[in-house]
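Undergrad: Everything below, folded, please.
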Amino acid sequence: MKGNHRAALAGAVVIVGLLVVISWMGAMRDAQRSPNILLILVDDLGNNDLGVSNPGDRSYTPELDEFASQGVRFTRHYTDVVCAPSRAALLSGQFAARLGYRNGQGGISSDRLTLPKSLQARGYRTHHIGKWLAWSAPDPQPDKQGFDSFFGFLSAFHLAGDSSSRKFKKGQATYINPWLQTQDGSAQYRGHLSDLLAQNAIDKLQEFKGDRPWFINLWTYAPHHPIEPGDRVRKLYPATPEGEYQALLHQLDENIGRVLRALQRSGQADDTIVVIASDNGGVNLAMDNNKPFAGSKFQFLEGSTRTPLMIRWPGAYPQGATVDQVVAIQDIYPTLARAVGADVPATMDGYDVSPAVRGEPLPARALYWEKYNFGQYDYGILSSDGRWRMAIPQITPGSLTRYGQESGISTAPELYDLHNDPSGSTNIALHNDGIAQQLVSEYQQWHREVRRLDLKHSPIVGGVSEITGDDFQRVPGVGGYTFAIGVRHDASSGGKPRSLASHKDQWTLFAPHRGVVRFEFNKHRLKGRVNNNNACHSIIFTGQFRNNAGTTRVDGRSVLTLYVDGVKVDETRLGQQRNKHPQYREPTILGSSSKSQETLHYSPPVILNTHVTQRTPITIEQLIADVCPLKARL
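TA: This is a model prediction of the structure:
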């Protein structure tokens, strides 16, 4: 009997093993049947830079024009107003605001499922080429975000390097003999940047030819400034700023053509989805890049945010078609992932645009933009029906006005009716106050939702718990940050002050002790007294940080503010300094255990990736209501 039992058990193990192998082989076959993906993102290419957008004018992009005739062109594709948030939205499939972006530097937490990670899990080989999106994150390199390898630059300011000392360091941007990086290090390369990036793409698509599908992510630097075309193409155009820019466009277009022809020669074109898009509109310096749309890069207008997007998928998408529905750069992730059967996170803001290609309507949704630079806060709105564009520019600290602005603004609110004025050039805000108010209300609701981090709370022992997830945003250091918590009145009435919340080597917030709340951030100490006899005290610390990219040096304008029971009790300017490298992956600890003192009673904290005041879209009063509900304050 024992022998029969052992034989049966062995047979079961073999069967299970075979099932596992068969399942794995099936998954690999599925992956092998998936199309390759070539994603080309160009930098600062405006609508008017693409010849097919303005028939009748001279075209400097014949290769891109020909590509447009081979697939689908989306005429209302929206991005952010500057490169980093657009790229973050593309990789995450979410509004960049969810990742902490307003403009400036930031990063994507390593626990996020990015597009390349999703494709890796599907069996894809992944390779990034060219410009990257963030270099102040704890793990900024593309190989930390789902790419097996990369060839490019984390920052344009690293392109020049230092030829005299042969060192790689921050300097001026350049196209000529650039310093470039891989996962193995950095070196200087001879030639023009555009040519070098294109050649790497050509080499990789040939190298990757085989059984497994591949994802090549080519992010060009052209036609971004400095305007430095190669000598060969420069000679073809007038020696004027406009001529120099047209030559750089010519070189960009020529190199994209080289890559597409190499794809065709390799025999992989029919099995490859090709996406070509721009990260934002042009700067309108050498020529009108965004015609007929008003505005330029950095502005919340059509010219800055409405950019080229074209997709070619042989056998699946029609040739020479156009889609006039509103789509956004965060739609690229779910569109590609669903096309190849890869995972799409439930938290995605973007939509699969394939139904629009088939002539079906996409779900209505509004689009929002935010930008913050110390002393100036702007935002923009595109209504869910695609008709109304609103821009609220140049808000400075002070009291809010009727449009959600703060006093001291230098520009009035702007409202455009894109149905009657497609270029978005005639401001009609003065006569449409009701529409403006409704759009602002919808924006504020969106802001409150996307700026709140969705984190995991796990109990440990004795009233102590930890918060994990969204590592890069959960710790203050880059951009806006707010931590709010409620604690019982008698949480620490005797003995020594007890930690209410803390993050290793970064900050500690102490529970009220003899009526005083203390907060320590590195070497800075803030404190203030509780202001009432409520059963629950709200404690909020908030700040706007500006780290120099790639370092932990904090800008002198970084300020930390402590609120207790809704009152600003202390504030400190951090000044120019180097802070410790934050332990991003460490959990945030809530509570502290003590044998001699009772358990701390506190509310679940709220963490935001933005700073707050009494007048921001998320107010101090709203945070108090979250962490100390009215019944808990009595």
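Undergrad: separation between the most centrally placed residue in the chain and M310?
TA: Centroid-nearest residue in the chain, with C-alpha atoms, centre = their mean: A88, separated by 2.4 Å. Using C-beta to C-beta, to the nearest Å, one gets 22 Å for the distance from A88 to M310. For every residue, glycine as well, the C-beta is placed using N, CA and C.
Undergrad: cool, P604 as well?
TA: Distance of P604 to M310, computed by C-beta to C-beta: 46 Å.
Undergrad: Looking only at neighbour counts, state which of those two leads.
TA: Taking neighbours as other C-beta atoms under 10 Å, P604 and M310 compare with M310 leading, 22 against 13.
Undergrad: May I have the beta-bridge partners of that one?
TA: M310 has these beta-bridge partners by DSSP bridges: R73, I276.
Undergrad: Model confidence for it, exactly?
TA: Looking at M310, its pLDDT reads 98.
Undergrad: contacting residues for it?
TA: L64, F67, A68, G71, V72, R73, F74, V275, I276, A277 (C-beta atoms under 8 Å, 6 or more residues apart in numbering).
Undergrad: Name the member of the residues you listed with the shortest distance to A511.
TA: A277 (50.3 Å; C-beta to C-beta).
Undergrad: Run through the stretch 501-634 of the chain and note the low-pLDDT ranges.
TA: 546-557, 575-582, 593-599, 630-634 (pLDDT under 70).
Undergrad: which residues in it form helices?
TA: Taking DSSP state H, counting those that start in this stretch, the helices of the stretch 501-634 of the chain run over residues 620-627, 630-633.
Undergrad: ok, back up a step: make JSON lines out of the contacts of M310 and add neighbour count.
TA: Formatted as JSON lines, the contacts of M310 follow (neighbours: other C-beta atoms under 10 Å):
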{"residue": "L64", "neighbour count": "26"}
{"residue": "F67", "neighbour count": "22"}
{"residue": "A68", "neighbour count": "23"}
{"residue": "G71", "neighbour count": "22"}
{"residue": "V72", "neighbour count": "22"}
{"residue": "R73", "neighbour count": "22"}
{"residue": "F74", "neighbour count": "24"}
{"residue": "V275", "neighbour count": "20"}
{"residue": "I276", "neighbour count": "25"}
{"residue": "A277", "neighbour count": "21"}
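Undergrad: How about L197, nearest residue that isn't a chain neighbour?
TA: Once flanking residues are discounted, L197 sits nearest to G130: 4.9 Å by C-beta to C-beta, 6 or more residues apart in numbering.
Undergrad: Please apply the same query to I624.
TA: Computed as C-beta to C-beta, 6+ apart, the closest residue to I624 that is not its neighbour in sequence is S538, at 4.4 Å.
Undergrad: and if you look at N54?
TA: Leaving out its chain neighbours, the residue that sits closest to N54 by C-beta to C-beta, 6+ apart is N48, at 5.8 Å.
Undergrad: Relative to Y60, how far out is the one you found?
TA: Per C-beta to C-beta, N48 is found 10 Å from Y60.
Undergrad: and the helix or strand hosting the residue nearest to the centre of the chain, what other elements does it pack with?
TA: Assigned by DSSP states H and E, A88 belongs to helix 83-92. Here helix 83-92 touches helix 115-121, helix 332-340, going by 3 or more C-beta pairs under 8 Å, 6 or more residues apart in numbering; DSSP states H and E.
Undergrad: Give me the distance from stretch 585-593 to the chain's centre.
TA: In terms of C-alpha atoms, centre = their mean, to the nearest Å, the gap separating the centre of stretch 585-593 from the centre of its chain is 27 Å.
Undergrad: mind listing what's buried in that stretch?
TA: Neighbour-count burial for stretch 585-593, counted by 16 or more other C-beta atoms under 10 Å, picks out R585, E586, P587, T588, I589, L590, G591, S592.
Undergrad: and the residue lying closest to the third one once chain neighbours are set aside, how many residues sit next to it?
TA: Taking C-beta to C-beta, 6+ apart as the measure, P587 lies nearest to E466, with 3.8 Å between them; neighbours along the chain are not counted. Residue crowding around E466 was assessed by other C-beta under 10 Å; the count is 16.
Undergrad: ok so, going back, give me every residue that touches the residue nearest to I624.
TA: A484, I485, G486, Y563, V564, D565, G566, L623, I624, V627, C628.
Undergrad: Please flag which of these sit within strands.
TA: With strands defined by DSSP state E, the entries of those inside them are A484, I485, G486, Y563, V564.
Undergrad: among the residues you listed, which two are most distant?
TA: For these, the maximum inter-member distance is 12.2 Å, found between G486 and Y563 (C-beta to C-beta).
Undergrad: Please identify every residue contacting each of these two.
TA: With C-beta under 8 Å, 6+ apart, G486 and Y563 have common neighbours S538, I539.
Undergrad: Surely H128 is in a helix?
TA: No: residue state for H128 (DSSP: H, G, I helix; E, B strand; the rest coil) corresponds to strand; a helix is not indicated.
Undergrad: Hmm, K204 and it touching each other?
TA: No: if you go by C-beta atoms under 8 Å, H128 and K204 don't touch, sitting 10.0 Å apart.
Undergrad: Now do Q506 against S109, distance only.
TA: Distance from Q506 to S109, counting by C-beta to C-beta: 16 Å.
Undergrad: low-scoring pLDDT stretches of the stretch 301-450 of the chain, where are they?
TA: Applying pLDDT under 70 to the stretch 301-450 of the chain flags the ranges 373-376, 394-411.
Undergrad: Show me where it has its strands.
TA: Ranges of strands within the stretch 301-450 of the chain are 309-312, 321-328, 367-373, 376-382, 388-395, 414-417, based on DSSP state E, counting those that start in this stretch.
Undergrad: Check the stretch 451-600 of the chain too.
TA: Ranges of strands in the stretch 451-600 of the chain, per DSSP E, counting those that start in this stretch, are 456-461, 464-468, 479-488, 499-503, 507-513, 516-521, 524-529, 536-545, 553-554, 559-564, 567-573, 577-578, 588-590.
Undergrad: Any chance of CSV for these, columns distance to L382?
TA: Below are these laid out as CSV (distance: least, C-beta to C-beta, whole Å):
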stretch, distance to L382
strand 456-461, 33
strand 464-468, 34
strand 479-488, 23
strand 499-503, 37
strand 507-513, 38
strand 516-521, 38
strand 524-529, 40
strand 536-545, 26
strand 553-554, 35
strand 559-564, 32
strand 567-573, 35
strand 577-578, 40
strand 588-590, 35
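Undergrad: And for A97, nearest residue in space, chain neighbours not counted?
TA: Nearest in space to A97, with sequence neighbours left out and distances taken as C-beta to C-beta, 6+ apart, is V450 at 4.6 Å.
Undergrad: Contacts only, for that neighbour.
TA: Taking C-beta under 8 Å, 6+ apart as the contact definition, V450 lies against F95, A97, R98.
Undergrad: can you check A339 too?
TA: Residues in contact with A339, defined by C-beta under 8 Å, 6+ apart, are P35, I273, W313, A316, S354.
Undergrad: next structured bit after the helix or strand encompassing K204?
TA: In this structure, K204 sits in helix 193-207 according to DSSP H and E. Using DSSP H and E, the helix or strand that directly follows helix 193-207 along the chain is strand 214-219.
Undergrad: Please enumerate residues in contact with that next one?
TA: The contact list for strand 214-219 (C-beta under 8 Å, 6+ apart) reads 36-41, 43, 87, 116, 119, 124-132, 142, 147, 152, 197-198, 201, 204-205, 208, 259.
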